[in-house]
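J.: Just to be clear, the model below is a prediction. Sequence and coordinates:
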Amino acid sequence: MTARMARNGPRNKFGVIAGEGCMKPIRTIVVLTGAGVSAESGLQTFRAADGLWEDHRVEDVATPEAFARDPALVQRFYDMRRAAIMAARPNPAHAALARLDAAWPGELLIVTQNIDDLHERAGARRVLHMHGEGLSAWCTACDARLRWTGTLLDDPPCPSCGARALRPDIVWFGEMPYRMDEIFVALREADLFVSIGTSGAVYPAAGFVRQARECGTRTLELNLERSQGSTWFHESRLGPASTVVPEWVEEVLA
Ligand code: BJW
């Protein structure tokens, strides 16, 4: 069940816990989300015992080398993921973050490692997909990115240039995550960094908390269990995202 960690420290006028002994007002928030935020929407996480890669070794499906070696295996895996994304519905954690996005008067950036579109379907607008998007295809011939809801297994031609060079628009291991410059600027300027539903196993996202700390930013983790980088956070609140995220958002907007 939910184990709640101590919540010490003074609160600013937004109801956000301030840094140790200081009352720096929170204006700029960066939220990082991972697979745990979508777990209660029925989308499997990666590193649970029954995780996504149980039947697939990660190096067989989530690297450019794997795609070059066996494109059909990788396309089948992402066809399956695309179907799962379309069947899923946003949960109360996505809804709460959308409410925060709509109501927060300061700067906000929701950086998600997830390839699903549940933040957007819940109504969030300030969302950045650093590991790509499941419902997007990337033409490696003309560089077009296209909304894609069907299969890629039959190697269809690119609607823009006709080449048969479409791949999932996903950041695989060894590839550069998207829009890192924007993320680093946002992290530098943040007053509060909140990490939600991620194990802290995959870089560069796993290093964001340390970057935030180096800039004197307050840090909070909301997760089912302690993440690998948990000791870097000022505070950890443990529990299912559908409970701890709405509670935190209510506090921030109070
Ligand atoms: C709940 C919950 C509930 C469950 N409520 N919580 C050696 C050392 C350091 C780094 C490297 C290294 N060797 C290689 C690297 C780099 C490599 C890397 O990190 N490898 C690690 C395995 C060590 N990284 C890369 O290659 C990245 N690129 C890169 O580094 O470029 C160079 C660069 C240099 C400088 C600056 C910037 C870049 C690319 C990484 C691409 C990751 N891609 C994947 C797959 C593609 C997307 C897809 O198919 O969906 O992205 S991997 C996979 O892991 C996916 C996820 O986005 C990512 C993170 O997983 P996440 O979200 O944390 O999921 P889980 O399952 O791990 O955790 C879920 C959590 O939720 C758990 O804690 C649960 O408890 C919790 N939870 N239910 C709340 N109800």
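T.: Looks like it arrived, so ask away. Residues are numbered from 1 along each chain as shown.
J.: start to end distance for stretch 174-183?
T.: When the termini of stretch 174-183 are compared using C-alpha to C-alpha, to the nearest Å, they are 19 Å apart.
J.: Let the chain start at 899 from now.
T.: Done: numbering now begins at 899, and the last item shifts to stretch 1072-1081.
J.: What are the boundaries of the strands in the protein?
T.: 926-931, 1005-1010, 1025-1027, 1030-1037, 1043-1045, 1064-1068, 1090-1094, 1116-1121, 1133-1136 (DSSP state E).
J.: Turn these into JSON lines, including mean neighbour count.
T.: In short, each C-beta sits where N, CA and C put it, glycine included. Below are these laid out as JSON lines (neighbours: other C-beta atoms under 10 Å):
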{"stretch": "strand 926-931", "mean neighbour count": "26"}
{"stretch": "strand 1005-1010", "mean neighbour count": "23"}
{"stretch": "strand 1025-1027", "mean neighbour count": "21"}
{"stretch": "strand 1030-1037", "mean neighbour count": "20"}
{"stretch": "strand 1043-1045", "mean neighbour count": "12"}
{"stretch": "strand 1064-1068", "mean neighbour count": "21"}
{"stretch": "strand 1090-1094", "mean neighbour count": "27"}
{"stretch": "strand 1116-1121", "mean neighbour count": "24"}
{"stretch": "strand 1133-1136", "mean neighbour count": "19"}
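J.: Just the C-alphas of stretch 1047-1065, formatted as PDB.
T.: The C-alpha trace of stretch 1047-1065 is given here as PDB (Å, rounded to 0.1, in the frame of the first residue of the first chain):
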ATOM      1  CA  THR A1047      -2.000   4.900 -36.600                       C
ATOM      2  CA  GLY A1048      -1.800   1.800 -38.900                       C
ATOM      3  CA  THR A1049       0.900  -0.800 -39.500                       C
ATOM      4  CA  LEU A1050       4.400  -0.200 -40.700                       C
ATOM      5  CA  LEU A1051       5.100  -3.900 -41.100                       C
ATOM      6  CA  ASP A1052       4.300  -3.900 -44.900                       C
ATOM      7  CA  ASP A1053       6.900  -1.200 -45.500                       C
ATOM      8  CA  PRO A1054       4.400   1.400 -46.900                       C
ATOM      9  CA  PRO A1055       5.700   4.300 -49.100                       C
ATOM     10  CA  CYS A1056       6.200   7.600 -47.400                       C
ATOM     11  CA  PRO A1057       3.200   9.900 -48.200                       C
ATOM     12  CA  SER A1058       5.600  12.800 -48.700                       C
ATOM     13  CA  CYS A1059       8.300  11.400 -50.900                       C
ATOM     14  CA  GLY A1060       7.300   7.800 -51.900                       C
ATOM     15  CA  ALA A1061      10.400   6.200 -50.400                       C
ATOM     16  CA  ARG A1062       9.900   3.000 -48.500                       C
ATOM     17  CA  ALA A1063      11.900   4.300 -45.600                       C
ATOM     18  CA  LEU A1064       9.500   4.700 -42.700                       C
ATOM     19  CA  ARG A1065      10.400   3.700 -39.200                       C
END
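J.: List the buried residues in that stretch.
T.: When burial is assessed from 16 or more other C-beta atoms under 10 Å, stretch 1047-1065 yields the following buried residues: 1050, 1056, 1063-1065.
J.: likewise stretch 957-965?
T.: Residues of stretch 957-965 classed as buried: 958-961, 964-965 (neighbour count, 16+ other C-beta under 10 Å).
J.: do the same with stretch 1139-1152
T.: Neighbour-count burial for stretch 1139-1152 flags 1139-1144, 1146-1147, 1150-1151 (criterion: 16+ other C-beta under 10 Å).
J.: ok, so of these, who is nearest residue 1128?
T.: Residue 1128 lies nearest to residue 1142 out of those, by C-beta to C-beta, at 14.4 Å.
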